[in-house]
Each structure stands twice: as structure tokens, then as C-alpha cells.
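*Asks:* Below: sequence and its predicted model.
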Amino acid sequence: MQESSVLIHVWQVDPAEEASAVEHLEQMFGKVVKDPGFVSSRVLESADRTSIAVVIEMRSVEDRQRLEQLPDVRETLDHLHGTTNIVIRLYHELRAYHP
């Protein structure tokens, strides 16, 4: 399987802790967006506010791998306050659609 430049991470979150978790993600992304390999990111929440997902797109697989090893990013992925990791899995791209 070929690795992707996209990182997807999902956490289960206590709704009472959601604001704190999102604030922590915002702090992390404040640093990540300055990375030369950064393309885009999205923070998503479920309708019932019991899970949060992030989608981070980097320019290359190597950029994504390097990003995952940065101390602030690694700590956030592993131990986002008020959450439990649901899915820790890498995905490879099957198809991409653009206008």
C-alpha cells in the first residue's frame, strides 16, 4: 500500500470538554500552518458533538511523516485533553475529485 500525504485522526470527546479540545487543536494548527509542507486542514465534529476529526493535507508523504513526529503534533494526536482516540490508521488515496 502506498502511503498518503493526508493524515486523518478521530477522537471521541466528552461534550463538556469539546471547547477545550478544539482550543488545543487551534493552538497546534497555529504552528502547523507555518510548516512549508502544509497544504490544508479541517477540524470536523459529529452532529452530537461526541467526536472530533482532523484532516491534514501535506505536500508529500515525507512532509506528513515529519509532521507526525513534531513534539506538539505527536502529543496532540496521542493525548488530546478530554478525548479518547477512536481511530489511529493511515489511509491511502483511492480517488481524488476536483472541479
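*Replies:* Everything's here; your move.

*Asks:* burial count for the closest residue in space to residue 39 that isn't next to it in sequence?
*Replies:* Using C-beta to C-beta, 6 or more residues apart in numbering and skipping residues adjacent in sequence, the residue nearest residue 39 is residue 57, 4.2 Å away. No exception for glycine: its C-beta is placed from N, CA and C like everyone else's. Residue 57 sits with 17 neighbouring residues when counted by other C-beta atoms under 10 Å.

*Asks:* what sits against residue 57?
*Replies:* 5, 6, 39, 40, 41 (C-beta atoms under 8 Å, 6 or more residues apart in numbering).

*Asks:* Show the pLDDT at the first one.
*Replies:* If I follow you right, that is residue 5. For residue 5, the pLDDT comes out at 90.

*Asks:* wait, isn't it in contact with residue 55?
*Replies:* No. Between residue 5 and residue 55 there is no contact under C-beta atoms under 8 Å: 11.4 Å.

*Asks:* what about those two, which has more around it?
*Replies:* More crowded of residue 5 and residue 55, by other C-beta under 10 Å: residue 5, with 18 against 15.

*Asks:* Quick check: that one vs residue 61, distance?
*Replies:* According to C-beta to C-beta, to the nearest Å, residue 5 and residue 61 sit 5 Å apart.

*Asks:* Give me the mean pLDDT for the host helix or strand of the residue nearest to residue 39.
*Replies:* Per DSSP states H and E: residue 57 is located in strand 51-58. Strand 51-58 shows a mean pLDDT of 91.

*Asks:* Residue 43: how many residues sit nearby?
*Replies:* Around residue 43 there are 14 residues (other C-beta under 10 Å).

*Asks:* any idea of the mean pLDDT in whichever helix in the chain runs longest?
*Replies:* The helix that spans the most residues within the chain, counting by DSSP state H, is helix 18-32. Averaging pLDDT along helix 18-32 yields 91.
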